[in-house]
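following is a predicted model, sequence given first.
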Amino acid sequence: AIARGHNFSAGPGALPTEVLEEVRDELLSFRDAGASVMEISHRSPQYTDVHEGAKAKMKSLLGIGDGWHVLFLQSGASMQFHQVPLNFLKPGQTADYIDTGNWSAKAVKEAQIVARDRGATVHVAASSAGADYTFIPSEAETSRSPEAAYLHFTSNNTIFGTEFGAEPLADCPLVCDASSDFLGRPIDTSRYGLIYAGAQKNIGPAGVTAVLVTDEFLQTRMEGLPTLLDYGTHAAKLFHTPPVFAIYIVDKVMDWITANGGLEGMKARNAAKAATLYGAIDASDFYRGTAREDSRSLMNVTFRLPSEDLEATFVSESKAHGLLALKGYRTVGGVRASLYNAVSPEAVDALVGFMRDFEASNG
Ligand code: PMP
């Protein structure tokens, strides 16, 4: 057997082994195509089935219907930082942003570029930057604009290990960067105008970004945008060649999520894994969680050891034990274990076992 480690990578992250096995089995010839899915037209019946299937399954998991468009775009979640305000922040309008980490801050920066060119305003409604992004601001700490075009938030902060427990309050449509917790739990979709997520953490490989937008919100967009940057172009039809291989895997991951209890199943699985790991951190004086307890993420668990030297040893020894990619984000250090959907409970048990042994020999 080929050795696969327990993969705690923050992204691109772990994919279900069952999905990769299916991909392997279909790699040379996809269904009756006589060629792989990468080698056939994106307008072929075989690929159309995959594309439409992935969209329909994603909608069904979220319980959303015809009022929503599912778009599979390229250029990563980072392009959405720009494309969202380009489409939805009109001259004279204000958009609210909640700043809870590096990715939120980048979204703010891109929106400011659009706002400056158009005479619009970006209002940072709340920020935890002053506290090293260790928490999610409360409603009392958030100052919303009276007539915002939308409120943008990052549901899960991949680097800092914090996550919104529930959607923030707003009178306007919510726009969410859900890159690192998309389809990891059910959400109240009625509150949203647009949700985007780079696939490479919870739902597939790198190369495709899922953008879900309501038709109602879409109708409020700016006119006269460059064709490819106008969401309307992609909502109207499959305009150009999509990243077929990435979408093909997303389609399989949708099946895997469904087979494993849908979003309720993912939530139960993710909550149990996170409880195991946070439990181990809290039970020891050696490990110290970095996120405020009420803001802890189910997806990215960040913690420190007593010294940076011990952290470096922890990361290298864990790797030798088949526990992969536990190093914290390069600018913040420490340890980060990403527990995306595909990470198994057994992987977390193995990590916790290693943590106990490491503390026993180094504590
Ligand atoms: N938003 C969040 C929350 C992320 O974690 C990341 C990537 N790590 C991004 C955006 C940027 O995604 P991409 O690399 O696909 O542009």
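Nice, thanks for sending it over.

quick check: residues of this protein near the ligand?
Gly11, Gly76, Ala77, Ser78, Trp103, Thr154, Thr158, Asp177, Ser179, Ser180, Gly198 (Cβ under 6 Å from any ligand atom). For glycine as for every other residue, the C-beta is placed from the backbone atoms N, C-alpha and C.

quick one: the fourth one is in a helix?
Yes: with DSSP: H, G, I helix; E, B strand; the rest coil as the criterion, Ser78 is part of a helix.

surely it meets Lys109?
No: Ser78 lies out of contact with Lys109 (Cβ atoms under 8 Å); the separation is 10.8 Å.

between the two, which one's more packed in?
Ser78 (16 against 13; other Cβ atoms under 10 Å).

spit out the contact partners of Gly262.
Leu61 (Cβ atoms under 8 Å, 6 or more residues apart in numbering).

on the three-state scheme, the spatially closest residue to Pro186 that is not a sequence neighbour is what?
For Pro186, ignoring the flanking residues on the chain, the nearest one in space by Cβ to Cβ, 6 or more residues apart in numbering is Leu263 at 4.3 Å. Taken by three-state DSSP, the conformation at Leu263 corresponds to helix.

give the buried residues for stretch 4-20.
Within stretch 4-20, the residues that count as buried by 16 or more other Cβ atoms under 10 Å are 5-16, 19.

just the pLDDT for the residue of the stretch 51-200 of the chain found nearest the ligand.
Residue of the stretch 51-200 of the chain nearest the ligand, by Cβ to the nearest ligand atom: Gly76 (2.7 Å). Per-residue pLDDT puts Gly76 at 97.

quick check: pLDDT value at Thr331.
The per-residue pLDDT reported for Thr331 equals 88.

correction: the previous question concerned Ile2.
We have a pLDDT of 58 for Ile2.

what residues sit buried inside stretch 50-70?
Buried residues in stretch 50-70, counted by 16+ other Cβ under 10 Å: 50-51, 53-55, 57-59, 61-62, 64, 68-70.

of the residues you listed, which belong to strands?
Members of the buried residues of stretch 50-70 lying in strands (criterion: DSSP state E): Trp68, His69, Val70.

which neighbouring elements make contact with the helix or strand where Leu20 lies?
Leu20 belongs to helix 17-26 when assigned by DSSP states H and E. If contacts are counted by 3 or more Cβ pairs under 8 Å, 6 or more residues apart in numbering; DSSP states H and E, helix 17-26 sits against helix 244-259.

the helix it packs on to helix 17-26, inter-axis angle?
Using axes from the mean of the first three to the mean of the last three Cα atoms, to 10 degrees, one finds that helix 244-259 and helix 17-26 are set 140 degrees apart in direction.

mind saving the C-alpha coords of helix 244-259 as CSV?
This file holds the C-alpha atoms of helix 244-259, laid out as CSV (Å, rounded to 0.1, in the frame of the first residue of the first chain):
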residue,chain,number,x,y,z
VAL,A,244,-12.7,20.8,-15.6
PHE,A,245,-10.5,18.5,-13.5
ALA,A,246,-11.0,20.5,-10.3
ILE,A,247,-14.8,20.6,-10.8
TYR,A,248,-14.8,16.9,-11.5
ILE,A,249,-13.3,16.3,-8.1
VAL,A,250,-15.6,18.8,-6.4
ASP,A,251,-18.5,16.8,-7.8
LYS,A,252,-17.1,13.6,-6.2
VAL,A,253,-16.6,15.5,-2.9
MET,A,254,-20.3,16.5,-3.0
ASP,A,255,-21.2,12.8,-3.2
TRP,A,256,-18.8,12.0,-0.3
ILE,A,257,-20.4,14.7,1.9
THR,A,258,-23.9,13.5,1.0
ALA,A,259,-22.9,9.9,1.8
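
what's that helix in contact with?
15-16, 18-19, 22-23, 37-38, 42, 47, 50-51, 53-54, 57-58, 60-61, 72, 183, 199, 203-208, 210, 263, 265-266, 341-342.

Val50 against Ile40, yeah?
No: using Cβ under 8 Å, Val50 is not in contact with Ile40, being 10.1 Å away.

which non-adjacent residue is nearest the one residue in the stretch 251-363 of the chain that gets nearest to the ligand?
As assessed by Cβ to the nearest ligand atom, the ligand sits closest to Asn300 within the stretch 251-363 of the chain, at 8.5 Å. Distances taken as Cβ to Cβ, 6+ apart put Gly161 closest to Asn300, at 4.6 Å, once the chain neighbours are dropped.

equivalent analysis for Pro306, please.
Sequence neighbours aside, Phe286 is the residue nearest to Pro306 in space, at 6.5 Å (criterion: Cβ to Cβ, 6+ apart).

likewise for Gly363?
Phe286 (4.6 Å).

need the pLDDT of that neighbour.
Reported pLDDT for Phe286: 98.

what strand or helix carries Phe30?
Assigning secondary structure by DSSP H and E places Phe30 outside every helix and strand.

actually Ala95, sorry about that
Element membership for Ala95 (DSSP H and E) is strand 94-99.

that strand: what's the following helix or strand?
Using DSSP H and E, the first helix or strand after strand 94-99 is helix 102-118.

just the CA coordinates of that next one, formatted as PDB?
Only the C-alpha atoms of helix 102-118 are listed here, as PDB (Å, rounded to 0.1, in the frame of the first residue of the first chain):
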ATOM      1  CA  ASN A 102      -5.200  38.600   7.000                       C
ATOM      2  CA  TRP A 103      -7.700  37.500   4.400                       C
ATOM      3  CA  SER A 104     -10.400  39.900   5.600                       C
ATOM      4  CA  ALA A 105      -7.800  42.700   5.500                       C
ATOM      5  CA  LYS A 106      -7.000  41.800   1.900                       C
ATOM      6  CA  ALA A 107     -10.600  41.900   1.000                       C
ATOM      7  CA  VAL A 108     -10.900  45.400   2.600                       C
ATOM      8  CA  LYS A 109      -7.800  46.600   0.700                       C
ATOM      9  CA  GLU A 110      -9.200  45.400  -2.700                       C
ATOM     10  CA  ALA A 111     -12.600  47.000  -1.900                       C
ATOM     11  CA  GLN A 112     -10.900  50.300  -1.100                       C
ATOM     12  CA  ILE A 113      -9.300  50.200  -4.500                       C
ATOM     13  CA  VAL A 114     -12.700  49.900  -6.200                       C
ATOM     14  CA  ALA A 115     -14.200  52.500  -3.800                       C
ATOM     15  CA  ARG A 116     -11.500  55.000  -4.500                       C
ATOM     16  CA  ASP A 117     -12.000  54.800  -8.200                       C
ATOM     17  CA  ARG A 118     -15.800  55.100  -7.900                       C
END
